[in-house]
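K.L.:
Next one to model:
(2 chains)
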2 protein chains.
Amino acid sequence: MPILVMKFGGTSVANIDRIHRAAKRVAVEVAKGYDVIVIVSAMSGETNKLVGFVNETSPLYDAREYDAVVASGENVTAGLMALRLQEMDIPARSWQGWQVPINTTSAHSSARFVSIPRDNIDQKFREGFKVAVVAGFQGVSEEGRITTLGRGGSDTTAVAFAAAFDAERCDIYTDVDGVYTTDPRICDKARKLDKIAFEEMLELASLGAKVLQTRSVELAMRYKVKLRVLSSFEEPSDEAGTLVCDEEDIVESKAVSGVAYSRDEAKMTLISVADRPGIAAAIFGPLADAGVNVDMIVQNISEDGRTDMTFSCPIDQVLRAEKAMNEAKTKGDINFSELVKDDGVCKVSVVGIGMRSHAGVAAQMFKALRDENINIKVISTSEIKISVLIDRKYMELAVQALHDTFGLDKAA
Amino acid sequence: MPILVMKFGGTSVANIDRIHRAAKRVAVEVAKGYDVIVIVSAMSGETNKLVGFVNETSPLYDAREYDAVVASGENVTAGLMALRLQEMDIPARSWQGWQVPINTTSAHSSARFVSIPRDNIDQKFREGFKVAVVAGFQGVSEEGRITTLGRGGSDTTAVAFAAAFDAERCDIYTDVDGVYTTDPRICDKARKLDKIAFEEMLELASLGAKVLQTRSVELAMRYKVKLRVLSSFEEPSDEAGTLVCDEEDIVESKAVSGVAYSRDEAKMTLISVADRPGIAAAIFGPLADAGVNVDMIVQNISEDGRTDMTFSCPIDQVLRAEKAMNEAKTKGDINFSELVKDDGVCKVSVVGIGMRSHAGVAAQMFKALRDENINIKVISTSEIKISVLIDRKYMELAVQALHDTFGLDKAA
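P.N.:
Just a heads-up that it's a prediction; the model follows:
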């Protein structure tokens, strides 16, 4: 039998009614002849409740106990989903992480998969079971302790099972109906994409589109798992949602597939830094040690052996970054005349694998921003992405202008 | 190190504050030099919530999935208790049933212990852990599925661990401060007992005293585990609560230790049954098949080859019993002229190992009831118990009269 993986997030199993609705989706796929592996999250709100219990009990908690407590939410949903499917005469059973077993590292609360042996679940499929309902987000360490993968880990569980079981597809049911060209809340012309390449999805995911967890997309890309994102609140159809797939599966593509943004960015510039070998390491080493997530980095041309170094980071890490830089200066590791902060910026990016074959994307982007009188403060590019830092007040305007100029409201 | 088992019921771990309070009790015992095994129930209300989810999802549920869902409540408490103990600098870790492992039969929702190997927990004690926090009420089957022991099973888990680990004592922390001579809610002279024999406790437990689950007392009696029942809401002391122990550990005892009652009983009489060999089997076989829990049975003397057969059962099983009897009559398996029901009765019992050596206990009981003009409808006796069925309206009066006549308000 071909295998299909279906993952239901917290809002899709938030109560018994929604679990019933999700079970009906599963029944549709079983009727098509699939053996289905269902991955479930905890009922929405449950994980937060359990995390709250842990924090209240022990502020500096032992991650092993944290994991044991927090993973219980998924176990409840898995059992209830199996029961509901049985009620519909579909042979189903629940699987907790240790029962599969989902072997992970011992890095509690951020564990990574080591192996997912197929034997136990395959055996049950052979015995006539049609659905394996697996608790997402969890696994078991070599020491036999319960581990979790970190928030959003159920997406990653789903992709890992799709890879391990050679699934035909991995359907991620969530509360949005797919991946959009940009955030519909700030651009009413935003359009749902039928397909998007893994690389594009990765850029969009890390740029703040909350649809899929970054790690799950990385894993899907590595193992070439076809991922589909779709809403559990709409009528099912084969064309529903957005397919995240290999670049080759996208026949024709525009230069740009989507516009992403990140609202709360800050820009910091070290003025007049000595331009010598190792200076970048001397600056960004202490920032990394201080837990600052540096994003864009720009170094000006050198003049008289000195240069300006600009970088961006999330706005809530500015104080930490400033402290780290001043300490490094005090210790004599780096030297600068001034530290200029700008915490009123945002990042807007255009993303598209089509950039590789379309020339002039950057020029078109900059022209569209100029036409709106938006000043660009920092530019950074990758093979399939161009990002700019601009004043935060222009964010929505910029997203709309870029969405228009690249014709994202029309299908390719 | 000597080992102590401490069990905390649902009300004793109902919220984070109460878990803190319970952890302090554990700390007191650790300070005395014990290695402690703590058995925890789910936070009160949690198990009912989970059972509600299951019933809503699937009225005729699969007991394996029911167990997987319902056992999660104890896992949460176990993790939180371990975290709280760590916070107090006591090396502790949580254990779920499958991690110990607590091996049980596959009779889901009413599983029985097969074995509790000491190795894993002993190893941790050797490594310096002082407390093993074990999720009560659950185990794991040979097939690797989660099992539960049925409601109240955490008491049984506690006793089983005390037996497996040769514990010095098993302390059951609950919301009452011990075992009473009778229910304090209906007799204000009721007095807490310092000690009670296993056999007495068994009779009291099965007669409706909700303090300890019957199976846990049976198990404690078989393995000679010293059980102490005490309140988690009072200051701890070595004299707190009631010790349930071997008969030999009770130096002097009265004829009667306690008065128990069961409110919702019904009495049924089959009039003019043919008195022939096998007639009892012909009556009580169908009743057992119909799920009727027959309690007292009385057969009148035979006259002209016919007799009257009276039995009692819980009031909510009367219709089932009636149906079973009428069907057996229709099939010709039994014959009776009339079926007389009385669903307005209750059972009152006096219990005491001292009855074995004190004569005249029954006579004293019947006299006390007569003095209150209470008519006795059925009498049944065992070696350490005398039970009577009386009209329900006299229940409180009877309990108080018996409590007085046997001097239970005074210590032995």
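
K.L.:
got the residue ranges for the helices in chain A?
P.N.:
Assigned by DSSP state H, the helices in chain A fall at A:16-31, A:46-57, A:63-70, A:72-87, A:119-126, A:153-164, A:198-206, A:214-223, A:279-289, A:318-330, A:361-371, A:395-405.

K.L.:
who wins for proximity to B:G153 among those helices?
P.N.:
Comparing the helices of chain A against B:G153 with C-beta to C-beta, the closest turns out to be helix A:72-87 (17.8 Å). In this view, the C-beta of every residue, glycine as well, is placed from N, C-alpha and C.

K.L.:
Please give me every residue in contact with A:V399.
P.N.:
A:T182, A:D183, A:I186, A:C187, A:V259, A:Y261, A:V348 (C-beta atoms under 8 Å, 6 or more residues apart in numbering or on different chains).

K.L.:
weakest of the helices of chain A in terms of mean pLDDT?
P.N.:
Here the lowest mean pLDDT among those goes to helix A:198-206, at a mean of 83.

K.L.:
How about residues contacting that helix?
P.N.:
A:179, A:196, A:211-214, A:217-218, A:220-221, A:227, A:244-247, A:257-258, A:260, A:349, A:351-353, A:382, A:384-385.

K.L.:
Restrict it to CA atoms and write it as CSV.
P.N.:
The C-alpha coordinates for helix A:198-206 follow below in CSV (Å, rounded to 0.1, in the frame of the first residue of the first chain):
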residue,chain,number,x,y,z
PHE,A,198,11.8,23.9,-0.8
GLU,A,199,14.5,26.6,-1.0
GLU,A,200,11.9,29.3,-1.3
MET,A,201,9.9,27.9,1.6
LEU,A,202,13.1,27.8,3.7
GLU,A,203,13.7,31.5,3.0
LEU,A,204,10.1,32.3,3.7
ALA,A,205,10.0,30.2,6.8
SER,A,206,13.1,31.7,8.3
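
K.L.:
Get me the contact residues on chain A for chain B.
P.N.:
A:16, A:19-20, A:50, A:53-54, A:56-58, A:60-62, A:64-66, A:68-69, A:72-73, A:75-76, A:78-80, A:82-84, A:86-87, A:93-94, A:96, A:98-99, A:144-146 (C-beta under 8 Å from any C-beta of the partner chain).

K.L.:
Now flag whichever of the contacts of A:V399 is closest to B:E303.
P.N.:
Nearest to B:E303 among the contacts of A:V399, with distances taken as C-beta to C-beta, is A:D183, at 91.8 Å.

K.L.:
With adjacent residues omitted, what lies nearest to the closest one?
P.N.:
A:A190 (6.6 Å; C-beta to C-beta, 6 or more residues apart in numbering or on different chains).

K.L.:
My read is that that neighbour contacts A:G178, right?
P.N.:
No. If you go by C-beta atoms under 8 Å, A:A190 and A:G178 don't touch, sitting 10.8 Å apart.

K.L.:
hmm, back to that, how about the residue nearest to A:D183, what does it touch?
P.N.:
A:A190 sits next to A:Y180, A:T181, A:T182, A:D183, A:P184, A:H403, A:L408, A:D409 when contact means C-beta under 8 Å, 6+ apart.

K.L.:
Could you check how far it is from A:I39?
P.N.:
28 Å (C-beta to C-beta, to the nearest Å).

K.L.:
could you flag which of the contacts of helix A:198-206 are buried?
P.N.:
Neighbour counting with 16 or more other C-beta atoms under 10 Å in any protein chain shown marks A:179, A:196, A:211-214, A:217-218, A:220-221, A:227, A:244-245, A:257-258, A:260, A:349, A:351-353, A:384-385 as buried within these.

K.L.:
any chance you could map the strands in the stretch 251-400 of chain A?
P.N.:
Remark: strands assigned in the stretch 251-400 of chain A by DSSP state E, counting those that start in this stretch are A:258-274, A:297-299, A:306-314, A:338-351, A:378-382, A:385-391.

K.L.:
Kindly reformat those strands as TSV containing mean pLDDT.
P.N.:
As requested, these are exported to TSV (pLDDT from 0 to 100):
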stretch	mean pLDDT
strand A:258-274	92
strand A:297-299	84
strand A:306-314	90
strand A:338-351	94
strand A:378-382	86
strand A:385-391	92
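
K.L.:
Which one of those strands lies nearest to A:F233?
P.N.:
Of those, nearest to A:F233 by C-beta to C-beta is strand A:258-274, at 22.6 Å.

K.L.:
distance of the residue lying farthest from the centre of chain A from A:S272?
P.N.:
Relative to the C-alpha centroid of chain A, counting by C-alpha atoms, centre = their mean, A:D304 is the outermost residue, at 43.4 Å. Distance from A:D304 to A:S272, counting by C-beta to C-beta: 9 Å.

K.L.:
A:T330 now?
P.N.:
On the measure of C-beta to C-beta, A:T330 and A:S272 end up 17 Å apart.

K.L.:
With neighbour numbers in mind, choose between the two.
P.N.:
It is A:S272, of A:T330 and A:S272, that has more neighbours when counted by other C-beta atoms under 10 Å in any protein chain shown, with 16 against 9.

K.L.:
Near the nearest residue to the more buried one once chain neighbours are set aside, how many residues? Count them for me, please.
P.N.:
Using C-beta to C-beta, 6+ apart and skipping the chain neighbours, the partner closest in space to A:S272 is A:S337 (4.1 Å). Around A:S337 sit 10 other residues, with neighbours defined as other C-beta under 10 Å.

K.L.:
What residues of stretch A:259-279 count as buried?
P.N.:
A:259-262, A:265-270, A:272-273, A:275, A:279.

K.L.:
tell me the contacts of A:G33?
P.N.:
Residues A:M1, A:P2 are the ones in contact with A:G33 under the rule C-beta under 8 Å, 6+ apart.

K.L.:
count of residues packed around the residue lying closest to A:D295 once chain neighbours are set aside?
P.N.:
If you skip the residues right next to it in sequence, A:D295 has A:S312 as its closest partner in space, 4.8 Å away by C-beta to C-beta, 6+ apart. A:S312 has 25 neighbours, counted by other C-beta under 10 Å.

K.L.:
Bridged to A:S312, which residues?
P.N.:
A:K267 (DSSP bridges).

K.L.:
ok, it touching A:D264?
P.N.:
No. In this structure, A:S312 is not within contact of A:D264 by C-beta under 8 Å, at 10.7 Å.

K.L.:
contacts for stretch A:156-167?
P.N.:
A:2-7, A:37, A:39, A:102, A:113, A:116, A:118, A:121, A:134, A:136-138, A:149, A:169-170, A:172, A:213, A:215-217, A:219-220, A:223, A:225, A:227.

K.L.:
Before I go, just wanted to say thanks for your time.
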